[in-house]
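# whatever this is, show me its structure:
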Amino acid sequence: RTQQQRMAAQQREACVGARGAEALRDALAASDDPVSTVAAFAAANALNPDYAGEGSDAVLKLLDLHKVPRRQTHLAVLEQLRAALVAAVPTMPVDKLNELLEQSFPYLQFEELRAVPLAVLAAHPGIPECYLRKIAEHNDIYQACPLQVRQQIWLVEPMLLHDEFIAIVQPLLQNGDQESNEWFPEHHVPPSKRRETGPVQALLRLVGRNAAAYQQVASLTREQFSACKCLPLCTLRSDLLMALHDVGAADLCGRDPCHSFAWCLDACVRERTVDLRRARELLQHLSAAPLAALPDLAMIAANPYAVSTLLACVLDRLVAVVESEAIPKDDELLCAVTQLLQFALGVHEQFAAPRPAARPSKDVLQVFYPIVAGKIVDDQVRAQDPSAAPEPLDANLKTLLVAHPLCLKVTLYYSVSRARAKDPAGVQQLLGLVSGVDLLLQGEPAFVQSLASAAFFAPPPRDAELCAAACAAVARQRHSAAVHTQLARWLAAGAHVRLAFTDLVRLVTALTADNTSEPPPGVRVAYENLLARSGGRITETAVPSLFAYLAPKQPHTPDAAAAVAPPERAS
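Numbers count the residues shown, from 1 in each chain. Next comes the predicted model:
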């Protein structure tokens, strides 16, 4: 075949799909002999002998004699040619890929031909932007593209990645992470095991080994957390980075300034303790980090699993200080962990104005910690003499709880530890103190859930006073949307199975006693899940307050007669 023939064949538009139907319709509209027009159209668009090779006409006639439909013949030829072309694409140079992409892209919407342009797109290291934007306009084609193509599309159309990201994390935002809200979990799950399922693996597949995609996902996680303050997103930020570390993606981890900090903190969470060497290393990473990385570092430190580990270490060090009769401010490990915990609890301030991790204040080290140490001594004495009443708490403690979030968090954590020790007097004393700062407790759903778990799931014999104190704490916090939503999710996720029927009724009644207001959407969904999963244990007769709480609320309207003012009397 001559060069002119090849050029003419390339310039001739193939009558495929709608183009072929339109060409045939125009030919029939301009013809007086439809039969001959159709025959001429079929002959013009049949297999080209120049491509099919010598003897193809004879083979086609033989197949016609055997009554093999011409469509079946064409599809068989198409399948073989398509397979051969797709197999050759990975070895083509970029200039050939550009040429083939230009020729095959118009047929991307045809399923029979789509494999060819998709193979070219997958093999192309830098797809021209015009093609990426055209693909983004058609969702079915976008969904059919391989991951490496979609990763290039996200660079020009980042909202498509945003949509995929939201679809992955939406269940986490709606249902929360029940395990991370337990300060004293019954079964410790290693972080590497926790990362094997859930949204972490979905995001890991989305990122692959693409550095740009990882940066985009990390940025989306940061933006989403800044908008909704959902702490499980902090866990997601840390777990995604460590999941990449687990699969050996050193090229991605090495570019993230948070990698070394996250790696060291992950080891602390795995071992459920922080030693002095690792505490120094963590503080060194924070001091050397650029300001732009501090919000991400704060998110990783604010991971609820990490915060729980830091709180446990603070309490362990205070007990060690008491036993050694030392001074809290002189304990280097206690000061270092306090600085880390303070940095983690200030995650929202880091988003507003990033600044290096500050040293703990004198109020914390020289006033608050000695008060807690004195409380630990008092509780140890009462453990030897259960009839002894708790010593009065220091008058400065309440002021410290309001002024320092760290003081509040440590006090709440110690309260749950006393509940686990079955010390109702100590728990009631601490709850009586924090009840004066109920407004601060509205952001502490983990405390209320952990307290309820410690009271109701304690080994027998169970303490009735402790359960009553937990119910009272639940009742005081039912107006907090965050606390109420988390407790309802906790019950629906499986706690209702472990609770005795009377305890389940007490807790649900405590949460829904005020049923005059409309429940938040998350609370309603959680209670509907609880009713569906309870197996008929929760009925309107047993818990009337729940059904009144979920019932549609009629908007308050004044009485019609009272709404119309009487006419004034004539003087």
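# let's verify the spatially most central residue of the chain: helix, strand, or coil?
The residue lying closest to the centre of the chain (CA atoms, centre = their mean) is Val169, at 3.6 Å. Under the three-state scheme (DSSP: H, G, I helix; E, B strand; the rest coil), Val169 adopts helix.
# these two touch, right, it and Gln224?
Yes - under the criterion of CB atoms under 8 Å, Val169 makes contact with Gln224 at 6.9 Å. For every residue, glycine as well, the C-beta is placed using N, CA and C.
# who touches both of those two?
Taking CB atoms under 8 Å, 6 or more residues apart in numbering as the criterion, Val169 and Gln224 both touch Leu233.
# now do the residue nearest to the centre of the chain against Gln178, distance only.
Applying CB to CB, to the nearest Å, the value for Val169 to Gln178 is 16 Å.
# before we move on, what about Gln151?
Remark: distance between Gln151 and Gln178 (CB to CB) = 33 Å.
# those two: which is more packed in?
Applying other CB atoms under 10 Å to Gln151 and Gln178 shows that Gln151 carries more neighbours, namely 21 against 16.
# and the more buried one, what does it touch?
Contacts for Gln151 (CB under 8 Å, 6+ apart) come out as Gly208, Asn210, Ala212, Ala213.
# gap between the host helix or strand of it and the chain center?
Applying DSSP states H and E as the criterion places Gln151 in helix 147-156. Remark: helix 147-156 is offset 21 Å from the chain centroid, using CA atoms, centre = their mean, to the nearest Å.
# and what of stretch 325-333?
That offset, for stretch 325-333, works out to 39 Å (CA atoms, centre = their mean).
# ok, now which ones touch the nearest residue to Leu113 once chain neighbours are set aside?
Among residues not flanking Leu113 along the chain, Tyr107 sits closest, at 4.1 Å (CB to CB, 6 or more residues apart in numbering). Listed by CB under 8 Å, 6+ apart, the contact partners of Tyr107 are Val16, Leu113, Arg114, Val116, Pro117.
# what's the mean pLDDT across the lengthiest helix in the chain?
For the chain, the helix with the greatest residue count under DSSP state H is helix 304-324. Computed over helix 304-324, the mean pLDDT rounds to 95.
# for it, name the packing helices and strands.
Here helix 304-324 touches helix 232-246, helix 259-271, helix 332-345, helix 369-384, helix 405-420, going by 3 or more CB pairs under 8 Å, 6 or more residues apart in numbering; DSSP states H and E.
# redo those as a markdown table? Include mean neighbour count.
Formatted as a markdown table, the helices and strands packed on helix 304-324 follow (neighbours: other CB atoms under 10 Å):
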| stretch | mean neighbour count |
| --- | --- |
| helix 232-246 | 24 |
| helix 259-271 | 20 |
| helix 332-345 | 22 |
| helix 369-384 | 17 |
| helix 405-420 | 23 |
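# tell me the gap between stretch 168-179 and the middle of its chain.
6 Å.
# ok, the closest residue to Ile376 other than its chain neighbours - contacts?
In this structure, Ile376 finds its nearest non-sequential neighbour in Val322, 5.2 Å apart by CB to CB, 6+ apart. Applying CB under 8 Å, 6+ apart to Val322 gives the contacts Ala373, Ile376, Val377, Gln380.
# ok, of these, which one's closest to Leu81?
Ile376 (80.0 Å; CB to CB).
# OK, contacts around the closest one?
By CB under 8 Å, 6+ apart, the contact list for Ile376 reads Leu318, Val319, Val322.
# verify the stated contact: Val321 with Ile327.
Yes - between Val321 and Ile327 there is a contact under CB under 8 Å: 7.3 Å.
# of these two, which one has the most company?
Neighbour comparison, Val321 and Ile327: the larger count goes to Val321, with 21 against 13 (by other CB under 10 Å).
# can you pull the contacts of that one?
By CB under 8 Å, 6+ apart, the contact set of Val321 is Ile327, Pro328, Asp331, Leu334, Tyr369, Ala373.
# what do you get if the cut-off is 7 Å, keeping everything else the same?
Applying CB atoms under 7 Å, 6 or more residues apart in numbering, one finds that Val321 lies in contact with Pro328, Asp331, Leu334, Ala373.
# for the second one, give its distance to Arg317.
So that's Asp331. Taking CB to CB as the measure, Asp331 falls 6 Å from Arg317.
# what residues do the two have in common as contacts?
Listed as contacting both Asp331 and Arg317 by CB under 7 Å, 6+ apart is no residue at all.
# could you check how far Glu271 is from Ala76?
63 Å.
# which phi and psi does the residue nearest to Leu365 when sequence neighbours are not counted have?
Distances taken as CB to CB, 6+ apart put Lys329 closest to Leu365, at 4.1 Å, once the chain neighbours are dropped. Per-residue torsions, Lys329: phi -70, psi -10 (degrees, to the nearest 10).
# check contacts around Lys329.
Counting by CB under 7 Å, 6+ apart, Lys329 touches Cys335, Leu365, Gln366.
# distance of the second one from Leu236?
When CB to CB is applied, the distance between Leu365 and Leu236 equals 33 Å.
# and what of Gln366?
37 Å.
# so which of the contacts of Gln151 sit within helices?
The members of those that map onto helices under DSSP H are Ala212, Ala213.
# now, of the contacts of Gln151, which are buried?
Among the contacts of Gln151, the ones that count as buried by 16 or more other CB atoms under 10 Å are Asn210, Ala213.
# which pair of the contacts of Gln151 spans the longest distance?
Gly208 and Ala212 (10.7 Å).
# Ala358: what secondary structure?
coil.
# list the contacts of it.
Gln342.
# backbone phi and psi for it, please?
phi -80, psi 150.
# from Leu231, how far out is it?
22 Å.
# do Asp163 as well
Asp163 sits 23 Å away from Leu231, going by CB to CB.
# again with Leu412
As for Leu412, its distance to Leu231 is 15 Å (criterion: CB to CB).
# again, but for Leu294
Counting by CB to CB, the gap from Leu294 to Leu231 is 18 Å.
# same deal with Ala473?
20 Å.
# who has more neighbours out of the two?
A side-by-side neighbour count of Ala473 and Leu231, using other CB under 10 Å, places Ala473 first with 25 against 22.
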